[in-house]
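>>> Need coordinates for the below:
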Amino acid sequence: MHGLFFEFEQYMDITFDSIRDIKLYQSKTGYRFSVDSLLLHDFVNLKKVDSIADLGAGSGIVGILLAKKYPESYVTLFEIQENLAGLAEKNVILNNLQDRVKVIQCDIREIPTLQISPGFDLIVSNPPFRRLKSGLLSLGEEKAVARHEIKLNIHELIGASSSLLKSKKRLCIIYHPWRLPELMDILKKNGIEPKRLRFVHSRISSEAKMVLLEAVKNGRAGLKVDRPFYIYNEKGDYTEEMKKIYT
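Numbers count the residues shown, from 1 in each chain. Prediction:
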């Protein structure tokens with residue numbers, strides 16, 4: 001097995017990494033997971049969940065972490081990019097989760113037209129949040145598609161989530177604060193009610209850089225705002241809470 005790993009790393013331009021209790025192949029120069037993935041995984045606080053979907057799964061880190069967090073769950077990773085979907089499949093096998101985690105390479109925009117019965121208790125997503133005309137375009141197609149609304153925008157993501165999510169079940173998403181009003185409006189128009197927010201700050205003295213949001217399909221109105229999450233303390237070290245999400 002080790003020889004196969006070595007050969008794969010050598011010829012496919014990837015790295016072999018580990019985080020928390022999982023191992024992971026990632027592209028050296030393409031899209032690589034960031035702290036956003038760990039924050040999203042940590043934000044999910046359900047006691048039990050049976051079926052999970054990750055929309056825009058990348059190399060599979062969030063779905064794989066959740067499969068470990070909820071050992072009785074079944075997880076489906078949806079990813080449009082062929083290279084990332086291939087890495088996700090290898091990562092599922094690497095973590096011995098192929099009996100509970102599957103990868104579907106597809107265009108998420110097409111999900112509402114596929115007439116798939118709503119079957120998921122939890123949907124998670126770390127979607128592209130930059131509009132095409134905002135910000136510098138990321139170098140390389142893999143990074144660009146992951147960060148910019150090239151092949152998926154927030155309207156299409158929420159529409160797909162509404163199609164896949166069971167009534168009264170949850171969507172958890174990490175997004176940019178400046179687009180929060182737009183996100184909440186789109187959720188409500190799709191019958192998904194925002195229920196819990198948590199803002200993520202680099203430091204206690206800085207403005208929020210990301211926002212975590214939990215919403216419920218066909219849920220009642222009423223929003224809870226959790227205390228802020230701080231990545232660094234004033235000394236520039238990771239906060240204790242940040243350290244915990246890495247271990």
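>>> quick one, phi/psi of G236?
Dihedral angles of G236 (phi, psi; degrees, to the nearest 10) stand at phi 90, psi 10.
>>> So for it, what's the pLDDT?
With respect to pLDDT, G236 scores 92.
>>> That one and E193: what is the separation?
Distance, G236 to E193, using Cβ to Cβ, to the nearest Å: 39 Å. For glycine as for every other residue, the C-beta is placed from the backbone atoms N, C-alpha and C.
>>> Doesn't R198 lie inside a helix?
No. Counting by DSSP: H, G, I helix; E, B strand; the rest coil, R198 falls outside a helix, being strand.
>>> Quickly list what it is bridged to.
L212 (DSSP bridges).
>>> Surely it and V225 touch.
Yes. Look at R198 against V225 with Cβ atoms under 8 Å: they come within range, at 7.4 Å.
>>> Looking at those two, which one has more neighbours?
R198 (20 against 9; other Cβ atoms under 10 Å).
>>> Okay, the more buried one and C172: tell me how far apart.
10 Å.
>>> element containing E193?
Per DSSP states H and E: E193 is located in strand 192-201.
>>> first to last residue in stretch 65-74, what's the distance?
12 Å (Cα to Cα, to the nearest Å).
>>> Quick one: mean pLDDT for the lengthiest helix in the chain?
Counting residues, the longest helix found in the chain (DSSP state H) is helix 82-94. Over the span of helix 82-94, the pLDDT mean works out to 93.
>>> I14 bridge partners, please.
Counting by DSSP bridges, the residues bridging with I14 are S27.
>>> how close does it get to R20?
Distance from I14 to R20, counting by Cβ to Cβ: 19 Å.
>>> for T239, same thing?
Relative to R20, T239 is positioned 17 Å away (Cβ to Cβ).
>>> and if you look at F120?
In terms of Cβ to Cβ, F120 sits 23 Å off from R20.
>>> Give me the more crowded residue out of these two.
A direct count of neighbours by other Cβ under 10 Å for F120 and R20 places F120 higher, at 25 against 16.
>>> Look up the residues forming beta bridges with that one.
If you apply DSSP bridges, the partners that F120 bridges to are L165.
>>> right, and it touches L164 too?
Yes. Under the criterion of Cβ under 8 Å, F120 is in contact with L164, at a separation of 5.1 Å.
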